[in-house]
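J.: Next input, structure requested:
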Amino acid sequence: MWYHHHNRRRQFFFLCELKKVALFILCYVDQFYPNVGMATVSVLEHLGVEVVFPTDQACCGQPMANSGYMEQAKPLARKFVDVFDGYDYVVAPSGSCVSMVRNHYAHLYDHDDHRARTVRQRTMESSEFLTSVLHIEELSGTFAHQVGLHQSCHGLRELRLGPSSEVMTPRANLVRTLLERFNGIRFSELARKGECCGFGGTFAVAEEAVSCMMGDDRVHDHVSAGTEVLTAGDMSCLMHLEGIIRRRKIPVRVMHFAEIIAEALLN
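T.: Coordinates of the predicted model:
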């Protein structure tokens, strides 16, 4: 009892110290999945965070960089730093875009640029922010479904948000750590937990057939494991998998993990 009371007090005082938390919304969430952005805000506000949404934000430049057009990505990187400079944290519901900022802006900025370095360090994926900054250890709610967790490549290999099959170092799965606190939730045991979905941004356009075959494999793994709700930390991966699920008319619901948390908190 003392531990939980002490932990809540520590959380409260820590939240009071968070002055400015800015929300970064990715292009495909803005255009196709605004409900994911709203769910992210709902979860953060439920946990006592005051969320600011800078309206002049734009693309982080990842599509250009992934295609080899680094010069075309530079103006967007500069704009990102200009928009988000001065906030204590920048939180985004996407591992891939956060990885672009944290790991690849180093190639687009001078290493001595203090503003860029500070913004890069303060930009965090939402599950990372909830577990590593807010240290959320209690979430009350119910989500009585079997959930299949897709691990996006950027989240695993660049942000280390979970254990990947090619690395033997033990590592917590941040999304599962958050979701397993809800009553009634069950998790699918996949045959290949850390395998790519095949989306890969522009890879899905340049190598459509390979991309679709990889996506089919991931969906089949989830269906075989009994997944009722497929979730991830990146809507780009989920967008690709949802397209396959819809075309195959498979009865699997697709949700970003922030949507699951927001729904569970109401039950």
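
J.: pull the longest helix from the protein.
T.: In terms of residue count, the longest helix belonging to the chain (DSSP state H) is helix 208-225.

J.: which regions of this protein sit below the pLDDT cut-off?
T.: Within the chain, the segments meeting pLDDT under 70 span 1-19.

J.: what about the strands in it?
T.: 21-23, 51-52, 89-92, 123-125, 146-149, 186-187, 229-232, 253-256 (DSSP state E).

J.: Just tell me which of those ends up closest to Ser211.
T.: strand 229-232 (16.2 Å; CB to CB). (Each C-beta comes from the backbone N, C-alpha and C, glycine too.)

J.: Any chance of a markdown table for the strands of the chain, columns distance to Gly68?
T.: Formatted as a markdown table, the strands of the chain follow (distance: least, CB to CB, whole Å):
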| stretch | distance to Gly68 |
| --- | --- |
| strand 21-23 | 29 |
| strand 51-52 | 34 |
| strand 89-92 | 23 |
| strand 123-125 | 23 |
| strand 146-149 | 31 |
| strand 186-187 | 38 |
| strand 229-232 | 26 |
| strand 253-256 | 29 |
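
J.: picking up where we left off before, chain center to the longest helix of the chain: distance?
T.: Chain-centre distance of helix 208-225: 21 Å, with CA atoms, centre = their mean, to the nearest Å.

J.: and that helix, what does it pack onto?
T.: Packing partners of helix 208-225 (3 or more CB pairs under 8 Å, 6 or more residues apart in numbering; DSSP states H and E): helix 203-206, helix 235-248.

J.: who does the shortest one touch, helix- and strand-wise?
T.: By that I understand helix 203-206. By 3+ CB pairs under 8 Å, 6+ apart, helix 203-206 packs against helix 208-225.

J.: got the strands of the chain as TSV, with distance to Tyr69 and mean neighbour count columns?
T.: Compiled in TSV, those are given as follows (distance: least, CB to CB, whole Å; neighbours: other CB atoms under 10 Å):
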stretch	distance to Tyr69	mean neighbour count
strand 21-23	26	21
strand 51-52	31	14
strand 89-92	22	24
strand 123-125	22	25
strand 146-149	33	21
strand 186-187	39	15
strand 229-232	27	23
strand 253-256	28	21
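
J.: And these: which comes nearest Gly198?
T.: That would be strand 229-232 among these, by CB to CB, at 13.2 Å.

J.: coming back round to it: and of the strands of the chain, who's closest to Leu161?
T.: strand 123-125 (6.5 Å).

J.: who does the closest one pair up with?
T.: strand 89-92 (parallel) (DSSP bridges).

J.: Now find how far off-centre stretch 51-60 is within its chain.
T.: Centroid separation between stretch 51-60 and its chain, computed with CA atoms, centre = their mean, is 17 Å.

J.: now do the same end-to-end measure for it.
T.: 19 Å (CA to CA, to the nearest Å).

J.: got the buried residues for it?
T.: Going by neighbour count (16 or more other CB atoms under 10 Å), the buried part of stretch 51-60 is Gln57, Cys59, Cys60.
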